[in-house]
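**Student:** curious how this folds, go ahead:
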Amino acid sequence: MERVAAIEGEEPKTLTSEEAIEICRSSAEWEPDDAFDESSGFENGELVSISSTDYGCDPVVGTLVQSTLSEVAIRREDERAGAVYVHFPRIGYEITKKPA
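**Tutor:** Residues are numbered from 1 along each chain as shown. Here you go, the predicted structure:
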């Protein structure tokens, strides 16, 4: 909490849900900074399903765009928000390949 409190910049502001969706829709595409780790058997751009192994086990399906030792991220398309990138920790989540 101290690290977050020490971040300088804009003050937080309240947004409506419509304003938040517009920010997402108009945002530039995200590019991962880290190199893609294929040691787990998954490839960049592969269609995958990710779900928790202990609670809230509803799977999230998308295109794998980041894979590191500590996290994975997928790209999904939302009809209102456009491209959405969802990040998951490696621990506590299961990744499975989806047929194309």
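**Student:** please count neighbours and contacts with C-alpha atoms only from this point.
**Tutor:** Fine.
**Student:** now do stretch 67-87: distance from first to last residue.
**Tutor:** End-to-end span of stretch 67-87 (Cα to Cα, to the nearest Å): 10 Å.
**Student:** let me redo that: stretch 5-16
**Tutor:** End-to-end distance (Cα to Cα), stretch 5-16: 24 Å.
**Student:** repeat for stretch 22-38
**Tutor:** 34 Å.
**Student:** buried ones in it?
**Tutor:** By neighbour count on 16 or more other Cα atoms under 10 Å, the buried set for stretch 22-38 is 24-25, 36.
**Student:** could you pull out the helices in this structure for me?
**Tutor:** Using DSSP state H, the helices assigned to the chain run over residues 2-5, 17-26.
**Student:** show me the strands in the protein, by range?
**Tutor:** Using DSSP state E, the strands of the chain run over 47-52, 60-67, 71-78, 82-89, 93-97.
**Student:** deepest in the core, which of those is it.
**Tutor:** The highest mean neighbour count among the strands of the chain, using mean count of other Cα atoms under 10 Å, belongs to strand 60-67: a mean of 21.
**Student:** mind giving me the packing neighbours of it?
**Tutor:** Counting contacts by 3 or more Cα pairs under 8 Å, 6 or more residues apart in numbering; DSSP states H and E, strand 60-67 packs against strand 47-52, strand 71-78.
**Student:** list the strands paired with it, with their directions.
**Tutor:** Applying DSSP bridges, strand 60-67 is found paired with strand 47-52 (antiparallel), strand 71-78 (antiparallel).
**Student:** residue 92 is nearest to which of the ones you listed?
**Tutor:** Taking Cα to Cα, strand 47-52 is the member of these nearest to residue 92, at 5.8 Å.
**Student:** ok, and what's touching that closest one?
**Tutor:** Contacting residues not belonging to strand 47-52 are listed as 57-64, 92-100 [Cα atoms under 8 Å, 6 or more residues apart in numbering].
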